[in-house]
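> Give me the fold of what follows.
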Amino acid sequence: MTGAKKSVRRAYITDAPDLVRLNEAFNGVRMTEEEVRDSLLRSNELVAIALLDEHPAAFACAQYFESFCYRERHGELTEMFVEPSARGQGLASMLMAHMEEELRTRGVNHIKVLTGADNDIAIKAYERFLYARKNEAVLMKNITPSPSEGSGQD
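I've put the predicted structure just below:
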């Protein structure tokens, strides 16, 4: 697909159908178009979409936050996906550059990326963008409402 027209831009609510499709291909989660539109309108999340010959073929999401514990804002690239048929076209690099600039304009100086330890392709891509591996553990816990919280009883 040499010579294909490529671009990256902020995602708009009109992109909801494409974001639904891309997200389901990415992680198997099927959101409704309404849920995606609501999230784009309400959330502080940064969402970018990459177009290959005007076809939405990739997306990335990022968050940023402040804490009294640190002097500067911190950012995190939370998601990135490129359709298999569009890989190798430079869309991931374009998304990375776009998200870094969006975070930079919001006062972010440090960006974190979490990806699977065995996701060698993604790790190599992030390292090309000068992200360094850190020796940190990620721990997670799912919490659900207690029976009294979930029943509506006080």
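
> can you list contacts of stretch 124-131?
92-93, 96, 100, 111, 113, 115, 133 (C-beta atoms under 8 Å, 6 or more residues apart in numbering). In short, each C-beta sits where N, CA and C put it, glycine included.

> Could you rerun that using 10 Å?
Under the criterion C-beta atoms under 10 Å, 6 or more residues apart in numbering, residues 77, 80, 82, 92-93, 96-97, 100, 111-113, 115, 119, 123, 132-133 lie in contact with stretch 124-131.

> chain center to that stretch, what's the gap?
Relative to its parent chain, stretch 124-131 has a centroid offset of 16 Å by C-alpha atoms, centre = their mean, to the nearest Å.

> Could I get the buried residue list for it?
Neighbour counts using 16 or more other C-beta atoms under 10 Å place 125-126, 131 of stretch 124-131 among the buried residues.

> I'd like to know how many residues surround residue 75.
For residue 75, the neighbour count with other C-beta atoms under 10 Å is 24.

> Show me what it is bridged to.
Judged by DSSP bridges, the bridge partners of residue 75 are residue 64, residue 111.

> Might one say that it is in contact with residue 45?
No - using C-beta atoms under 10 Å, residue 75 is not in contact with residue 45, being 11.3 Å away.

> list residues touching both of the two?
Counting by C-beta under 10 Å, 6+ apart, the residues touching both residue 75 and residue 45 are 62-64.

> Of those, which is the nearest to residue 141?
Using C-beta to C-beta, residue 63 comes nearest to residue 141 of the shared contacts of residue 75 and residue 45, at 19.4 Å.
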